[in-house]
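Asker: Return atomic coordinates for the entry below.
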Amino acid sequence: MANAGGAPPEPPSHPTPLAARQSRWIGQQYADITKLREIAARHDRAAARAQQRASRLNTKIEKLRHQATLLREKSQRVLAEIPDIEQRMKQHERDIEAATSRTGGAPVGSDVTSLHYRVRKLQQKVVDHQQKARALELRAATKTQKTAELKVKVDRYIETSRLEEQEAASYRQRADRLQMVTEQDVASHLRAAAPSAKTSTGDAPPRTP
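Answerer: Sure thing, here's the model as predicted:
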């Protein structure tokens with residue numbers, strides 16, 4: 001039903017084939033932009049994951065370095081006890097020599113054999129200390145070697161993170177360029193559609209009262 005005293009309702013405008021193609025093309029461009037940004041986000045996530053792994057390995061490296069330092073310090077403390085043991089050995093040897101010289105070639109007494117026993121015990125203690133120090137040094141060297149191996153992994157993760165960040169930036173730039181082109185296409189499409197709409201409205205014959 002026509003409105004009293006007003007213009008009849010305009011018939012629905014049907015888009016031309018060219019306009020329909022342009023609309024589909026613009027929609028596809030927006031879909032491509034979304035896909036590019038999704039790929040960039042995936043690369044960003046991969047870069048962050050590589051950085052996280054590198055950070056955890058760096059923490060482990062510092063822990064191993066600290067443990068290796070403690071082992072080397074303990075080894076040095078063990079070796080530092082050896083000179084005192086050797087001094088005690090030399091004192092016992094002097095006592096043995098003095099006791100032997102006093103007997104004048106008589107059979108060795110229990111006091112001398114006791115000193116010989118103490119010397120042997122101290123010699124064994126020196127060897128034990130040396131062995132313990134070497135074992136500590138070996139453990140420290142093993143941990144140091146482990147840190148070197150982990151450092152290679154850290155460098156690999158850092159390089160992976162750098163490459164992933166570059167890929168993410170590349171996809172974002174492509175998305176930004178495509179979005180700029182799409183927005184220009186949309187603006188051109190709207191400008192082209194505006195005059196035709198005005199023309200169709202202006203060509204309508206006036207309704208007689």
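Asker: Pull the distance from the helix or strand where Leu71 lies to the chain's centre.
Answerer: Assigned by DSSP states H and E, Leu71 falls within helix 17-80. With Cα atoms, centre = their mean, to the nearest Å as the basis, helix 17-80 stands 6 Å off its chain's centre.
Asker: Now do that helix: which elements does it pack against?
Answerer: Applying 3 or more Cβ pairs under 8 Å, 6 or more residues apart in numbering; DSSP states H and E, one finds that helix 17-80 contacts helix 110-202. Bear in mind the C-beta positions are built from the backbone N, C-alpha and C, glycine included.
Asker: Report the separation between the residue most central in space within the chain and Arg162.
Answerer: When the chain is reduced to its mean C-alpha position, the closest residue under Cα atoms, centre = their mean turns out to be Ala54, at 2.2 Å. Distance of Ala54 to Arg162, computed by Cβ to Cβ, to the nearest Å: 11 Å.
Asker: what is in contact with those two at once?
Answerer: In terms of Cβ atoms under 8 Å, 6 or more residues apart in numbering, Ala54 and Arg162 are not both contacted by any residue.
Asker: can you state the direction angle for the helix holding Leu71 and helix 110-202?
Answerer: 170 degrees (axes from the mean of the first three to the mean of the last three Cα atoms, to 10 degrees).
Asker: Distance from the helix or strand following helix 17-80 to the middle of the chain?
Answerer: Using DSSP H and E, the helix or strand that follows helix 17-80 towards the C-terminus is helix 82-103. The chain centroid and the centroid of helix 82-103 are separated by 61 Å under Cα atoms, centre = their mean.
Asker: in helix 82-103, what counts as buried?
Answerer: Ile85, Met89, His92, Asp95, Ile96 (16 or more other Cβ atoms under 10 Å).
Asker: Show me what that helix is packed up against.
Answerer: So helix 82-103, by 3+ Cβ pairs under 8 Å, 6+ apart, packs with helix 110-202.
Asker: so the helix it packs on versus helix 82-103, what angle?
Answerer: Compare the direction of helix 110-202 with that of helix 82-103 by the same axes, to 10 degrees and you get 170 degrees.
Asker: Any idea how far helix 110-202 is from the middle of the chain?
Answerer: 3 Å.
Asker: Please report how far Arg65 lies from Leu71.
Answerer: 11 Å.
Asker: With neighbour numbers in mind, choose between those two.
Answerer: Leu71 (20 against 15; other Cβ atoms under 10 Å).
Asker: how about the closest residue to the more buried one other than its chain neighbours, what does it touch?
Answerer: Using Cβ to Cβ, 6 or more residues apart in numbering and skipping the chain neighbours, the partner closest in space to Leu71 is Ala140 (3.9 Å). Residues near Ala140 by Cβ under 8 Å, 6+ apart: Gln67, Ala68, Thr69, Leu71, Arg72, Ser75.
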